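Visitor: Any chance you could fold what I've pasted below:
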Amino acid sequence: MSQTVNAASEPRPQLVSFSSGDGSVVGHLYLPAGHDPAKRYPAVVVGGSFASVKEQMGDIYAGELARRGVIALAIDYRNYGQSSGALRQYEDPDAKAADLSAAVAFLKVRSDVSGTGLLGVCTSGGNVLDAAARDGNVSAVATIAGMFTAPSLQLAMRGAEGMQARMEEGRVAKKTYAQTGVIEIIKAYHDTDQTAANVAPLPYYFDTARGAVPAWRNEFAVMAWKAMLDFDPVSAASRVTAPTLIVHSEGSAFPDQARKTHALLAGPKELYWAEGAHLDFYDQADQVRDAADHVVGHFRQHLS
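Guide: Numbering: from 1, shown residues only. Predicted structure coming up:
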């Protein structure tokens, strides 16, 4: 395993906040070293994995982009981290798309920005495609180890009975919330607990030197099952005309989904096949720096 990238290393971010929907999004804004406000730079919004916060892979990649001369903004989606939202830990793809668009708008009005793009890691790989399909202000897109989910993939993973059971659990939890205001919570990740939203060996999330940061909560709101299982960024890819780079590997989640998504993209596109396991792309130096080099080249080409 390669050396771990430290999200707390230089450059230091600025804490920023901006409106989105009926609430606000909080992010870490990274400026390039020697930033000159009279110059213009590519600017990129960064989103992380399912139920993540900006202090995880968002900060890591935003810092890497800034070290390479790109303005980068790692965000907490609404309902997560420091961002607003009464429905804590509620996975809402529509709200995520709105948050990404709001972040793009926040960057676009800066006088030091030459163009705005989106970078999604893991689940946010699908979220940024969904946002780009809706928002013409997104001028370029990149994904790293994207989790390109679709209802058919969820069915293959969970089976018909599993899908039906989770949909019903979500329906009951939503009714409970409407009646009592109580949000039913389960674990977002676990290696053996079958009641968790994701069950797999995922050591990143349980290592305090990696993803188990104080700002993160290993929680999923049960009433979000339907929104999560119905999410279909693969279909959204056919409506993405912004130049898009997909960075993936055979060791990352569902490589055939990455190939399928790439094939469906409607605009200029590139598929870079890297080396490494899925979690390596979250914080391992070799994978992170290789991926960052490629996405920065992509953004410089299309946002400068």
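
Visitor: Please, which helix or strand holds the residue of the chain most remote from its centre?
Guide: For the chain, the C-alpha farthest from the mean C-alpha position belongs to residue 179; by CA atoms, centre = their mean, that distance is 31.8 Å. With secondary structure defined by DSSP states H and E, residue 179 is part of helix 151-180.

Visitor: where exactly do the strands run in the protein?
Guide: 14-20, 23-30, 41-47, 71-76, 113-121, 140-144, 185-186, 189-190, 198-199, 220-221, 244-248, 269-273 (DSSP state E).

Visitor: quick one: contacts of the fourth one?
Guide: Residues external to strand 71-76 that are found in contact with it (CB atoms under 8 Å, 6 or more residues apart in numbering): 13, 16, 25-32, 35, 41-48, 53-54, 58-59, 61-63, 65-66, 82-83, 99-100, 103, 106-107, 110, 112-113, 119. In this view, the C-beta of every residue, glycine as well, is placed from N, C-alpha and C.

Visitor: Before we move on, what's the pLDDT of residue 201?
Guide: Among the per-residue scores, residue 201 shows a pLDDT of 90.

Visitor: how far away is it from residue 277?
Guide: 11 Å (CB to CB, to the nearest Å).

Visitor: who has more neighbours, these two?
Guide: Ranked by neighbour count (other CB atoms under 10 Å), residue 201 and residue 277 place residue 277 first, with 16 against 9.

Visitor: Is the more buried one in contact with residue 250, as I believe?
Guide: No - proximity of residue 277 to residue 250 does not meet the contact threshold set by CB atoms under 8 Å, at 9.4 Å.

Visitor: excluding its backbone neighbours, what's nearest residue 38?
Guide: In space, and not counting its chain neighbours, residue 38 is closest to residue 112: 7.8 Å by CB to CB, 6 or more residues apart in numbering.

Visitor: Next, the one you found: phi, psi?
Guide: Main-chain dihedrals, residue 112, degrees, to the nearest 10: phi -100, psi 10.

Visitor: Distance from the chain centre to the lowest-mean-pLDDT helix or strand in the chain, please.
Guide: Within the chain, confidence by mean pLDDT, DSSP states H and E is lowest for strand 198-199 among all helices and strands, at a mean of 90. Mean-position distance between strand 198-199 and its chain equals 18 Å (CA atoms, centre = their mean, to the nearest Å).

Visitor: now what about it, what contacts it?
Guide: 50, 188-193.

Visitor: Quick check: the farthest pair among the residues you listed?
Guide: 50 and 192 (18.4 Å; CB to CB).

Visitor: and these two? which has more neighbours close in?
Guide: residue 50 (18 against 8).

Visitor: Can you verify my assumption that that one contacts residue 122?
Guide: Yes - counting by CB under 8 Å, residue 122 is a contact partner of residue 50 at 6.7 Å.

Visitor: joint contacts of these two?
Guide: Common neighbours of residue 50 and residue 122 (CB under 8 Å, 6+ apart) are residue 147.

Visitor: Contact partners for residue 218?
Guide: Here residue 218 is in contact with 51, 187-189, 205 (CB under 8 Å, 6+ apart).

Visitor: Quick check: chain neighbours aside, which residue is closest to residue 163?
Guide: Nearest non-adjacent residue to residue 163, counting by CB to CB, 6+ apart: residue 155, 5.7 Å away.
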